[in-house]
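**Student:** Sequence first, predicted model second:
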Amino acid sequence: MNRITTAIDPAGETFQANAAANRADVAMLKERQQWAIDGGARRDRSIARHLDRGKIMVRERIDLVTDHDTPFLEFSTLAGWGQYNDEAPGAGIVTGIGVVHGVPWVFIANDATVKGGSLLPVSIKKHVRAQEIAEENRLGVIYLVDSGGAFLPLQDEIFPDKDHFGGSFYRQARLSAQGLPQLSVVLGGCTAGGAYVPALSDEVIMVEGIGRIFLGGPPIVKAALGEIVDADDLGGAVLHTRTSGVSDYIASTEREAYGKLREICETTNQRGVDQRQPWLDWAEPELPAHPAHELYGIVSADDRIPFDATEIIARIVDGSRFAAFKPEWGESIICGFARIWGHLVGVIANNGIIFSEAALKSTHFIELCEQRRIPLLFLQNTSGYMVGRDSEAAGIAKHGAKMVAAVANATVPKYTVLVGGSYGAGNYGMCGRGFNPRFLFAWPNSRIATMAADTAETVLTDIRLGGMKGAETTDEELAEIRREIRHQYETQSDPYHATSRLWDDGLIDPVDTRDALGLCLALAARHDAPAPGPALVYRQ
């Protein structure tokens, strides 16, 4: 593969202005992520009470289970951002992928300092998304359970629907049936529906004195039967390990429990190749020839100003080497082959609006990667498919549909990063959330909506005025209409609005993109001698 020659001037005025703006965006991202990790505006009292009970904080729990100095890829750190009066940082649950005895596992861990570990609608969504990742990547799941169950004031948004609380039980049972281990450590309350998380697990460890499992807690038992019973007597570790058999092992401390959990992980036989995922093409990794920090200066501070996707690729892929496909045709999309952390990928990246030629080129390239069993990486920065009389006459609707269909039917692993705008059907053709990429990350400068705020302001204003059927509108009324529309689209296309609702798997610093993708690609390429991944602990 040829090495990409950069056209970027790091000393240029535009580069410096872009870098300053993007560094400010990243600083804000890190500040907000730390806010969520620290508990937000969360009651110091909740954390103190948690620690006074002899419990360990949720991320430290994960650290005690995973291998020392191995990557941990955390998902959706900012789930729930701006929702629930900002009282549910991270949605009260930590999910991600960690390594235990050299094998990757999905972790689903309750944060009991957030609403007692009770599950809000977005918590359930985050839990289910982690189970989807486990199934797609053939990974076992470790549940660190410390939860009060469903958040009852919002029960109609949690309980009955397909992807509500019951959907997590359905997935857990099916994961177990597929031979993907489901292991639980009970570190607090598991009440009502929450009791089924350990009950559906293949093996369960309970920590004496803090772990409890019951379908109905003491207040419910008192109300239903008139019985007054102690919580440990009703569902403690001793009862369930030595009498009921609901638990398989008892531990006197959390640290002892994690030692037992690591021992169980050693016996689960999760190391072999999954022959249904033969993504084993691997070469020795090579650092990009161009430094990743230059991404800050390449991405335009003004999202209306385009930037060259080739320059992004040059700072992500091994050796900045890239074999372009049809480089002189359909140039509004860049397609080609490269390696990331040694793994061969087919890259599809936007250079703005998608024209008919670019759509056909992408379709052809996707079909090639499907035929050759090469994973696909989509780098999104597009306002969508081209409109207008000439484009319609050229068949843009059909050509775009061919691209969408190719993405939908591709069975190779697909990965998506929003590096800029993601608007309209361009989101679909470039493998947005609705097309089930294995992982979807976004940069803090990204935007996602049916259309950009400028376009929406014009289109929706004209539609609203048309609906007034000739009624007179003052300049002040017209300005207010425009203001409302712009505010709505600017708010709803904001990356924090998106990540709060799990439209992505997390916002990431652009310089971490290569490492995050390397971890994800390594999951698809698991075999007896796995390729080395990034040598860092990565929390997004």
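**Tutor:** Structure received. Numbers count the residues shown, from 1 in each chain.
**Student:** Wait, residue 336 touches residue 317, no?
**Tutor:** No - contact between residue 336 and residue 317 fails when scored by Cβ atoms under 8 Å: they sit 9.4 Å apart. For the C-beta atoms, the positions are set from N, CA and C on the backbone; glycine is no exception.
**Student:** between the two, who's got more neighbours?
**Tutor:** Between residue 336 and residue 317, counted using other Cβ atoms under 10 Å, the more crowded position is residue 317 (26 against 23).
**Student:** Next one: residue 207 relative to residue 416, how far apart?
**Tutor:** 39 Å (Cβ to Cβ, to the nearest Å).
**Student:** correction: residue 2
**Tutor:** With the distance defined as Cβ to Cβ, residue 2 ends up 25 Å from residue 416.
**Student:** The two: which is more packed in?
**Tutor:** residue 416 (28 against 10).
**Student:** hey, what's in contact with both of residue 336 and residue 317?
**Tutor:** Listed contacts common to residue 336 and residue 317 are residue 347; contacts here mean Cβ atoms under 8 Å, 6 or more residues apart in numbering.
**Student:** hang on, residue 379 is in a strand, isn't it?
**Tutor:** Yes - under DSSP: H, G, I helix; E, B strand; the rest coil, residue 379 falls within a strand.
**Student:** Leaving out chain neighbours, which residue sits closest to it?
**Tutor:** residue 349 (3.8 Å; Cβ to Cβ, 6 or more residues apart in numbering).
**Student:** For the one you found, report the pLDDT, please.
**Tutor:** What the model reports for residue 349 is a pLDDT of 98.
**Student:** just checking, it is part of a strand?
**Tutor:** Yes - according to three-state DSSP, the state of residue 349 is that of a strand.
**Student:** measure the residue located most distally from the centre of the chain to residue 153 for me?
**Tutor:** For the chain, the residue at maximal distance from the C-alpha centroid (Cα atoms, centre = their mean) is residue 472, at 47.9 Å. For residue 472, the distance to residue 153 equals 47 Å [Cβ to Cβ].
**Student:** Equivalent analysis for residue 519, please.
**Tutor:** Distance of residue 519 to residue 153, given as Cβ to Cβ: 37 Å.
**Student:** do the same with residue 208
**Tutor:** For residue 208, the distance to residue 153 - Cβ to Cβ - is 32 Å.
**Student:** ok, those two, which is more surrounded?
**Tutor:** More crowded of residue 208 and residue 153, by other Cβ under 10 Å: residue 208, with 16 against 10.
**Student:** who touches residue 143 in this structure?
**Tutor:** Residue 143 neighbours (Cβ under 8 Å, 6+ apart): 108-109, 182-185, 197-198, 201.
**Student:** at 10 Å what do you get?
**Tutor:** Contacts for residue 143 (Cβ atoms under 10 Å, 6 or more residues apart in numbering) come out as 106-110, 127, 130, 172, 182-187, 190, 197-198, 200-201, 204.
**Student:** Just the ones in helices from the residues you listed, please.
**Tutor:** Judged by DSSP state H, the subset of the contacts of residue 143 located in helices is 127, 130, 172, 197-198.
**Student:** what's the most distant pair in the residues you listed?
**Tutor:** Greatest spatial distance in those: 130 and 198, 16.5 Å, computed using Cβ to Cβ.
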